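Asks: With the input below, show me the fold.
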Amino acid sequence: MPVTNTKKTATRNKVRINFRLDPKIKARVVRAAAITGQCLTDFAVSAINEKASEVLERHDNISLDSREYNFFLDVLENNSQAPSRRSRAVAKRYCRGRRKGVRYHLDN
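Replies: The predicted structure is shown next:
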């Protein structure tokens, strides 16, 4: 039976991130990883992924309290003005998936 390099196979579809940490932060991260029973890399990847999910969730969703929601509905129902030229331009950029130099991948 041929011997394969499992480490090479496992990392083939992965990318690397390198960064420096303050020694106090690293010590806390190492301790937290040990408490959870994870290696440092697995702990860091899960923590980064969790934080990214939180940020993206906040970015992709708008939360309104009842006063703001009612104001929004009132504007939609009672605003007879056509959208301004600037508003139309912003909507057009949004539909193309661009916002101030950032490229979004929209599902269409």
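
Asks: From here on, just use CA atoms for contacts and neighbour counts.
Replies: Will do.

Asks: show me where this protein has helices.
Replies: For the chain, the helices defined by DSSP state H cover 6-11, 23-36, 40-60, 66-78, 85-96.

Asks: do you know which of those helices lies nearest I17?
Replies: Nearest to I17 among the helices of the chain is helix 40-60 (10.1 Å), distances taken as Cα to Cα.

Asks: Name the residues that touch the closest one?
Replies: Helix 40-60 is touched from outside by 29-30, 33-34, with contacts defined as Cα atoms under 8 Å, 6 or more residues apart in numbering.

Asks: run the last query once more with 7 Å
Replies: 30, 33 (Cα atoms under 7 Å, 6 or more residues apart in numbering).

Asks: Please apply the same query to stretch 19-39.
Replies: 40, 43.

Asks: Distance from it to the middle of the chain?
Replies: Offset of stretch 19-39 from its chain centre (Cα atoms, centre = their mean, to the nearest Å): 23 Å.
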